[in-house]
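Visitor: kindly return the folded structure for what I paste below:
(one chain, ligands or ions: 1)
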Amino acid sequence: MDKNRVLITGGSRGIGKGLCDAFLSDGYEVLATCRDASQMSSKDKNLIYESLDISNPISLEQFKSVVDDFKPSVLINNAGITKDNLFLRMSDEEWTDVLNTNLTGTFRVTKLVAKLMLKAKWGRIINISSISGIMGNAGQTNYSASKAGMDGFTRSLAKELGARNITVNSISPGFIETDMTKGLIDENLIKKIPLGRAGQVSDIASIALFLASEKANYITGQTLVVDGGLFMK
Ligand code: NAI
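Guide: Prediction:
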């Protein structure tokens, strides 16, 4: 297995796009997924876009042959959504959509890739969870549950796959400037962040590159909080 092939879900914008740029610059071949690849164009021969809706089992089934051909050595489960609402107002649909995308989508994509990594006896799985899954956030019971679930998934899978030289870790971002956090980052929030600023996608991409590299050979089952110090245990 080539150790420089990365599959990044939700690569069209935000953190996912930042991950694509960083891995390309580091010499990786990148397979980036987005819900409609016909909207995306790549000038770089090392970057391919493919359509995938991680919440849809049929779309995942269609995507299987793409994964089998590409044989990723690194998987980054980045695609995710929010549908915030106060608990008593939260509909079944808001709950299910978020769990189905963030947690079940991660489970399903990882299943496609883990089979290949097991055969190759090498792999890196990186799940983008969230500080919301650790510290909680009013209005985000669905999102927090999905992201805490991803951290638990990370630890259990790390125990299952460790013997085959496959590491599984989560990156838990704080507030990163992307479409998802538009309108959420204000002066009051910044005051609570010891490093005094919101995060940038590059702050997450550099940690993902580290976890994917041989430098992180002995790290597995961990959740790395990257939040400027917003939450400290
Ligand atoms: P974003 O909204 O800018 O991008 C999300 C990406 O996921 C998009 O490319 C979107 O097309 C894709 N996506 C959503 N649902 C999908 C589906 N069903 N199938 C395939 N792709 C789908 O969000 P952002 O900020 O870049 O977030 C990326 C990840 O980082 C998410 O998992 C998010 O929960 C997580 N995160 C973001 C934080 C932030 O402050 N921006 C903080 C903590 C975690």
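Visitor: the closest residue to L116 other than its chain neighbours: how many residues sit nearby?
Guide: Nearest residue to L116, sequence neighbours excluded (Cβ to Cβ, 6 or more residues apart in numbering): K71, at 5.5 Å. All C-beta atoms are positioned from the backbone trio N, CA, C, and that covers glycine. Using other Cβ atoms under 10 Å, K71 is surrounded by 16 other residues.
Visitor: doesn't N4 make contact with K71?
Guide: No: using Cβ atoms under 8 Å, K71 is not in contact with N4; the gap is 11.2 Å.
Visitor: and L189, that one's in a helix?
Guide: Yes: with DSSP: H, G, I helix; E, B strand; the rest coil as the criterion, L189 is located in a helix.
Visitor: isn't it up against G174?
Guide: No: between L189 and G174 there is no contact under Cβ under 8 Å: 9.5 Å.
Visitor: still on that earlier bit, residue contacts, the residue nearest to L116?
Guide: With contacts defined as Cβ atoms under 8 Å, 6 or more residues apart in numbering, K71 is in contact with 1-2, 5, 116, 120.
Visitor: which among these count as buried?
Guide: 5, 116, 120 (16 or more other Cβ atoms under 10 Å).
Visitor: how about the first one, phi and psi?
Guide: R5 has phi and psi values of phi -120, psi 120 when expressed as degrees, to the nearest 10.
Visitor: who does it bridge with?
Guide: Using DSSP bridges, the bridge partners assigned to R5 are E29.
Visitor: what sits against it?
Guide: Applying Cβ under 8 Å, 6+ apart, the residues contacting R5 are 28-29, 31, 70-74.
Visitor: just flag the most distant two among the residues you listed.
Guide: Farthest pair in the contacts of R5 (Cβ to Cβ) is Y28 and K71. Separation: 13.0 Å.
Visitor: could I get the buried residue list for the longest strand that the chain contains?
Guide: Secondary structure of the chain read by DSSP state E shows that its longest strand is strand 166-173. Residues of strand 166-173 classed as buried by neighbour count (16+ other Cβ under 10 Å): 166-173.
Visitor: out of the residues you listed, which touch the ligand?
Guide: Residues of the buried residues of strand 166-173 in contact with the ligand (Cβ under 6 Å from any ligand atom): P173.
Visitor: and L31, how far is that from K233?
Guide: Applying Cβ to Cβ, to the nearest Å, the value for L31 to K233 is 35 Å.
Visitor: ok, those two, which is more surrounded?
Guide: L31 (26 against 5).
Visitor: mind giving me the packing neighbours of whichever helix or strand the more buried one is part of?
Guide: Per DSSP states H and E, L31 falls inside strand 29-34. Applying 3 or more Cβ pairs under 8 Å, 6 or more residues apart in numbering; DSSP states H and E, one finds that strand 29-34 contacts strand 5-8, helix 14-25, strand 47-51, helix 57-70.
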